[in-house]
Structures are given as structure tokens and as C-alpha cells.
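Undergrad: give me a 3D structure for the following:
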Amino acid sequence: MATYDGLIGALGLEEWCGGGKTDGPMTMAELLARANGTSAPAGSPDPATPLMQTPFPSLDALNKSCSAIPRSRDMTEAVEQGFLAIKDPLKVVLDPVTQPLSYMLDWALAGFEAVPWFIMIPLLVAITWFATKKIGVTLFVLASFCFMAFINYYDEAIQTLSIIFVCTIIAVLLGVPIGIAMSRSNILQRAVIPILDMLQTLPTFVYLVPLIFLFSVTESKLYGIAIILYAIVPVIRLTDLGIRLVDKDVIEAADAFGMSSRQKLWGVQVPLALPNIMAGINQTIMMSLAMVVIASLVSAPGLGVKVLAGIRNLELGVGLVAGFCIVLLAVLLDRSTKAALGRIDTSAR
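TA: Numbers count the residues shown, from 1 in each chain. Purely as a prediction, here's the structure:
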């Protein structure tokens, strides 16, 4: 008899369970056990289970005593069938909404690649100098791109940069207003925080699983949505935190001057919270870069493709050099945004 036959009998559920016979095909583990001769013949009682080896009353364990109780693989199959049932209605809604993202990613990629290196590199150096006013950071950006161009990794770096550019802009345009709304409503904050916690703790590969079923692998929005969902969390959290940390005395002074809610928000709270907001943007850029590498599994171009090629073809050098270029890109983006943040913080003070 199975471990929980006694429990089923004590509850008087034998008739509902159908006599304890398990219906449906056997699992792979059951087939392997039968092939190895370690399972009992059908209809024969199981030997008594030692107390220290009593299994947890999981779905699979209870199913051995009661076929009416579904197995765990029945549950996962039900989840899959439920998702497939709503797939077409979801596509009808999501396709027109997300199609502009594909256009933006494709246009940005084509635009970045169309600009020759002798224009793009000086342009990036000029933007860095304008944003940071730091000669060290500017020279580091110049040296990094020259190095990647010298070893023929410039095209992949520019492709990665174009994806980060688009996804970061969209994440900021969506994340900052959400963070502002959260800072002004405790109810909204309590509703959104569990969603942010889920997005922040969800493994990166899991982001791709439902999107692969919803969109074609050849569509840019597939990896664009995954990157935005993964990277948007820091800018939302830090925008909300920055506005909530604005000194109450400053808010009271603004009230004393008769400022409206909108005037207080854009004239007092957002400027004082700008260092926190910029820190959130910095983290969003870093997380976008991390997700771009994972997104190369679903046709995202860039340095991640080189990393995957190194793994697939067991080419150690290709993988290590591509990884080093990703590190270079991350460091130069981090240093540039932090230097720009320092300038904003100084001007705010």
C-alpha cells in the first residue's frame, strides 16, 4: 500500500479517489524505476515506508494513494495550457502597443551602425566631456572605444550601446512618473512594491520564457521588453525614495509661500531628489547592460553574441575578450553617469 492510503481511508475518501489506482501515463522516473526493476508490479502492495523516510504529503505522494488528486506535472501542464489559452487575446492587445519598441530598436541599431567610426567615437567623447567635464573619464571613454575598434569588437559594442540607449530612455520615461506617483500615494506604493520585488528577484532567464511564446524570436521587441522590465525597477524605487526623503521643513516653506502641488513637485521635490533619481538611472543602465547579454539568447545583437559563440564553440579567447569588452562598456557607462551625477549634485547644492 502507498504511504498515505491510511490517511485517505481515515478520511473516508476511497470512493472519491477511485480505489487508489493512478490514472494517466507514468512519469519518466516511474518508467526508469520499472525498467531497473526497482518498482513493485502493478496491483501489488508497497512495502511499509520507514518513518524517517516518510515523504512530504505532496501532490505526487498523495496521488499514489488517490488518483483524483492531480500530480505536480498535471499542475504545471495546466499552467501552460492556461497561458496558451490567453496567448492570442494577449497578442491582439500587446502587438500594436509594443510594435513601436521594435521600430525604435531597429532604427537605433541602423542609425548607430550607419555612423562611421571616425564620427561616432569623437561624438561619444564630446558627449562624455559635456556631461562630466572630467578629463580622466573622457580619455577613458576614448581609449576604451579605440581599444575595442582595434581588436575588431567595435561593431558589437556599438550594437550593445544602441540597445542600452533605447531601453534606458524608455525605462526612465516610464519609471520616473511611476516613482513620482508612488511618492504621492501610499496606497499606490503598497500596490506597486510587490510587483517591483517580483521583477527584481525573478531570474533573468525567466523573463524570456513567456515572451518567447508571445512574440517571434526575430522581433526586436522580444528582448526589448525583457530588458525594460528587468532594468526599470531601480529608477522607480529611487525616484520614490528620493522624493519621500525631501526635508519636511522645505515642503512646509513651500506651503508657506503658497505653492501649488505641481509647483512643489517640479520646483522643490524633483530638483532636491535629482541625485537619487540619477543614481536610479545609473543602476538602470547597468542592469540594461547585464540583460543585453542574456537577451542575446533570443537574437539580441551585440557583445553577448560573441560570449555565446565562445560558449557554443568552446572558444575560450572569444568569450573572454567579449566579456572584457562588456566590462569596459559597463565601467565607462558607470563612470560617465556617476561623474554627471556628481555635477548635478554639486549644482543642486
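
Undergrad: from Met287, how far out is the most centrally placed residue in the chain?
TA: With the centre of the chain defined as its mean C-alpha position, the nearest residue by Cα atoms, centre = their mean is Tyr230, 2.7 Å away. Taking Cβ to Cβ, to the nearest Å as the measure, Tyr230 falls 6 Å from Met287. Where C-beta positions appear, they are placed from N, C-alpha and C, glycine not excepted.

Undergrad: likewise for Pro210?
TA: In this structure, Pro210 and Met287 are 19 Å apart, going by Cβ to Cβ.

Undergrad: neighbour count winner among these two?
TA: Here Pro210 and Met287 are compared on neighbour count by other Cβ atoms under 10 Å; more neighbours surround Met287, at 23 against 14.

Undergrad: next helix or strand past the helix or strand harbouring that one?
TA: Counting by DSSP states H and E, the element that carries Met287 is helix 270-295. The C-terminal neighbour of helix 270-295 among helices and strands, as given by DSSP H and E, is helix 303-312.

Undergrad: run a quick neighbour tally on Trp129.
TA: Counted with other Cβ under 10 Å, residues neighbouring Trp129 total 17.

Undergrad: use 242 as the first number from now on
TA: I'll keep to 242 as the first residue from here, and by that count the last item is Trp370.

Undergrad: low-scoring stretches of the chain, by residue?
TA: 242-243, 260-290, 292, 585-590 (pLDDT under 70).

Undergrad: quick one, longest helix in it?
TA: Ordering each helix of the chain by length in residues (DSSP state H) puts helix 313-355 first.

Undergrad: mind checking the end-to-end distance for stretch 540-548?
TA: 13 Å (Cα to Cα, to the nearest Å).

Undergrad: how far out from the middle of the chain is that stretch?
TA: Per Cα atoms, centre = their mean, to the nearest Å, the displacement of stretch 540-548 from the mean C-alpha position of its chain is 17 Å.

Undergrad: next one: stretch 491-498
TA: Mean C-alpha position of stretch 491-498 versus that of the full chain (Cα atoms, centre = their mean) differs by 40 Å.

Undergrad: next: stretch 575-585.
TA: Between the centre of stretch 575-585 and the centre of its host chain there is 24 Å, according to Cα atoms, centre = their mean.

Undergrad: contacts for that stretch?
TA: Surrounding stretch 575-585, the residues in contact under the criterion Cβ atoms under 8 Å, 6 or more residues apart in numbering are 369, 372-375, 378, 381-382, 515-516, 519-520, 522-523, 526-527.

Undergrad: which of those sit farthest apart?
TA: With Cβ to Cβ as the measure, no two of those lie farther apart than Phe381 and Leu515, at 24.7 Å.

Undergrad: thanks a lot, see you next time.
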